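> any chance you could fold what I've pasted below:
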Amino acid sequence: MSTATGEASVTPVVVRLKLSLLRNGLRQSAGRRAAYIASAVLVLLFAALQLIGLIALRGNTHAASVALPLVAVLALGWAVMPLFFPSGDETLDPTRLVMLPLRPRPLVRALLVASLVGIGPLFTLCMLVGSVVAVAHGTAAYAVSVLAVPLGLLVCVALARAVAAANIRLLTSRRGRDLAVLSGLVIAVGTQVLNFGMQRLGSAGLGQLDPAADVLGWVPPASAVGAVDAVSEGSYGVGAARLALSALALVGLLFLWSRSLTRLMTSPDGSTLQAAEPARDRTRTAGLGRFLPSGRTGTIMERSLRYVWRDPKTKAAWVTSLAIGLIFPVFNALQGTGSIYFACFASGMLGVLMYNQFGQDTSAFWMVAMTISSTRDAYVELRGRALALLVISLPYATFVTVVTTAMIGDWPALPEVLGLSFALLGAMLATGAWSSARFPYSIPQEGYKNVAPGQTGLAFLSIFGGMIAAALLCVPVIALTIWLNLTADGEDWTWLLLPLGTAYGVGITLLGLRLSAPRTAAKLPEILTAVSKG
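Here you go, the predicted structure:
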């Protein structure tokens, strides 16, 4: 009797814990309260607009074709939320409760109820209510809706909890922090995909979603809304089967969640498991030096490439540049509004990574500064960093250009676009080295900010000023391209832009490194001070 009472008392305690965490978090600063209130207002406003839009679809032939994919996308968001926003909810980490005498079953029940507290569940509830209102017709359908809405909400919440519990070792490790830093990229890519999909729907109509809706009607939690739609059409057997699928999915997710909790409560803590990570990293990168130049240049390149692999902020910058550099020209080509010259965007995005090279070292730059005693040493340092960037950016820019050319079908223009890309990349490397020496700034290692407080002006001068300078440096190649395309016989000679653009890019890079090296060697203490403020 006392055991049952003790287990029953866990749920309100955990709910109060969730409310206390939320309240105490808002008390930390006025800025955090303002951000939370603003985000809550925006989310609720968007939820209200979506709810009104879904209700307006009631009676439309394709109402189910909109509602079912919407619920499926919502569930996908719940599944990936713990991976990219692990700190968004402190109760997502069950290992914090490992020292308490709790059994998995009451803990699952308590955490499931606590998960229903927050803006996310309220937004999901609005979407589910709007979806069932859009497809429900008749008393039987509304009766099924009473079960479908809470069932769909519980499946979404249980999905997030099961994913978090199964990956909690990852989320509390360095790679988990990498995922959190990359969350902005996921949002950017998702926004582009959504924008592309909306444009396609606007031109082709909602009927495009009918095949997807037929499939998603059997995939939980969209199957709960699909059950309402089936009952509205008189298919009571199909409706019961779809509702049963969602119920089975909820039971399965709760079972997997309970097993993960049991394993977490009885297995060794992650700190002992992470001790072997450096050894694995050394094994993975030990062979890298065999493919790099010998001497100091190869050492600098290997260090820079290790930053790309191991430093969360550097990795996030690289992945963002790689993704956006491909998305922009490819999506424009898919929409029929693209140009083959948009492929140069990849070179521009990757070239920006040369800016503020010393900022990624933070206070550890003193070790680099100790190895620089002359202008020659500074030149070799900058050259090694530029070569490390070229190892990835040069083949990738070529790949993006070829893909864009293939999608547009303008193969005769491939040589001139490649020449422009290489010239732009060289100009970005040159101005990047120059701005790294003159406008260094610190990159905070914690949080999402990429500029230390008080250094925003330096970052603006470094990046935007350098980009403008790089564009101006490319004027000779751009002017030659325009002249050849406007001249009557010029199109027969546009292939010369590939070797000329490549040679120009190499020459301008070397010139930029030469001009930046004296400043770097003379201002090492100032650079160290600037990059150590974060």
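
> per the record, what domains does this structure have?
11-268, 289-531 (automatic domain parsing).

> buried stuff in the helix or strand harbouring Val215?
In this assignment (DSSP states H and E), Val215 forms part of helix 210-216. Residues Ala213, Leu216 are the ones in helix 210-216 that count as buried (16 or more other C-beta atoms under 10 Å). For the C-beta atoms, the positions are set from N, CA and C on the backbone; glycine is no exception.

> got the contact list for the nearest residue to Gly419 once chain neighbours are set aside?
Nearest non-adjacent residue to Gly419, counting by C-beta to C-beta, 6 or more residues apart in numbering: Gly501, 2.6 Å away. Listed by C-beta atoms under 8 Å, 6 or more residues apart in numbering, the contact set of Gly501 reads Glu416, Leu418, Gly419, Leu420, Ser421, Phe422, Ala423, Val477.

> next secondary structure after the helix or strand harbouring Gly501?
Assessed by DSSP H and E, Gly501 sits inside helix 497-522. Per DSSP H and E, helix 497-522 leads on to helix 524-531 as the next helix or strand towards the C-terminus.

> which other residues reach that next one?
Outside helix 524-531, the residues that touch it by C-beta under 8 Å, 6+ apart are 358-359, 361-363, 365-366, 369, 372, 437, 440-443, 455, 458, 520.

> which among these end up buried?
By 16+ other C-beta under 10 Å, the contacts of helix 524-531 give 358-359, 361-362, 365, 369, 372, 437, 440-443, 455, 458, 520 as buried.

> can you tell me which of those residues comes closest to Ala34?
Gln455 (23.4 Å; C-beta to C-beta).

> which residues does the nearest residue to that closest one once chain neighbours are set aside contact?
Once flanking residues are discounted, Gln455 sits nearest to Tyr441: 4.1 Å by C-beta to C-beta, 6+ apart. Tyr441 makes contact with Asn356, Gly359, Val451, Ala452, Gln455, Leu458, Ala459, Ser462, Ala530, Val531, Lys533 under the criterion C-beta under 8 Å, 6+ apart.

> inside helices: which ones of these?
Leu458, Ala459, Ala530, Val531 (DSSP state H).

> tabulate the residues you listed in JSON lines, adding columns for distance to Trp318 and pLDDT.
Below are the ones in helices among the contacts of Tyr441 laid out as JSON lines (distance: C-beta to C-beta, whole Å; pLDDT from 0 to 100):
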{"residue": "Leu458", "distance to Trp318": "22", "pLDDT": "75"}
{"residue": "Ala459", "distance to Trp318": "18", "pLDDT": "80"}
{"residue": "Ala530", "distance to Trp318": "22", "pLDDT": "87"}
{"residue": "Val531", "distance to Trp318": "19", "pLDDT": "88"}
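
> from those residues, which single one is nearest Gly325?
Ala459 (20.5 Å).

> if we can go back for a sec, for Phe345, see how far away the residue nearest to Gly419 is.
16 Å (C-beta to C-beta, to the nearest Å).

> mind giving me the packing neighbours of the lengthiest helix in the chain?
Looking across the chain with DSSP H, the single longest helix is helix 375-408. With contacts taken as 3 or more C-beta pairs under 8 Å, 6 or more residues apart in numbering; DSSP states H and E, helix 375-408 sits against helix 296-310, helix 312-334, helix 344-351, helix 414-438, helix 497-522.

> ok so, going back, got a quick PyMOL command for the buried subset of the contacts of Tyr441?
Buried subset of the contacts of Tyr441, written as a PyMOL selection, criterion 16+ other C-beta under 10 Å:
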select buried, resi 356+359+451+452+455+458+459+462+530+531+533
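
> max pairwise distance over the contacts of Tyr441: which two?
Largest pairwise distance in the contacts of Tyr441, by C-beta to C-beta, is 14.5 Å, between Ser462 and Lys533.

> near Ala479, how many other residues are there?
10 (other C-beta atoms under 10 Å).

> circling back to that earlier point, show me the two of the buried ones among the contacts of helix 524-531 that sit farthest apart.
Across these (C-beta to C-beta), the longest gap, 22.5 Å, separates Ile372 and Gln455.

> wait, Ile340 touches Thr404, no?
Yes - Ile340 is in contact with Thr404 according to C-beta atoms under 8 Å; the separation is 5.9 Å.

> need the least confident one among the domains of the chain, by mean pLDDT.
Note on the domains of the chain: lowest mean pLDDT is at domain 11-268, with a mean of 80.

> quick one: it to chain centroid distance?
Taking the mean of its C-alpha atoms, domain 11-268 sits 19 Å from the chain's own mean (C-alpha atoms, centre = their mean, to the nearest Å).

> and stretch 308-326, by the same measure?
10 Å.

> can you list the buried residues in that stretch?
For stretch 308-326, by 16+ other C-beta under 10 Å, it's 308, 311-318, 320-326.

> what does stretch 11-23 give?
So for stretch 11-23, counting by 16+ other C-beta under 10 Å, buried means Thr11, Val14, Val15, Leu17, Lys18, Leu22.

> could I get those residues as JSON lines with secondary structure and distance to Leu254?
Formatted as JSON lines, those follow (DSSP: H, G, I helix; E, B strand; the rest coil; distance: C-beta to C-beta, whole Å):
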{"residue": "Thr11", "secondary structure": "helix", "distance to Leu254": "15"}
{"residue": "Val14", "secondary structure": "helix", "distance to Leu254": "16"}
{"residue": "Val15", "secondary structure": "helix", "distance to Leu254": "18"}
{"residue": "Leu17", "secondary structure": "helix", "distance to Leu254": "20"}
{"residue": "Lys18", "secondary structure": "helix", "distance to Leu254": "19"}
{"residue": "Leu22", "secondary structure": "helix", "distance to Leu254": "24"}
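
> identify the farthest-apart pair in the residues you listed.
Thr11 and Leu22 (17.0 Å).

> how close does the closest residue to Trp493 other than its chain neighbours sit to Pro221?
Nearest non-adjacent residue to Trp493, counting by C-beta to C-beta, 6+ apart: Leu484, 5.8 Å away. The gap separating Leu484 from Pro221 is 58 Å, by C-beta to C-beta.

> these two: which is more packed in?
Shown here are Leu484 and Pro221; by other C-beta under 10 Å, Pro221 has more neighbours (28 against 18).
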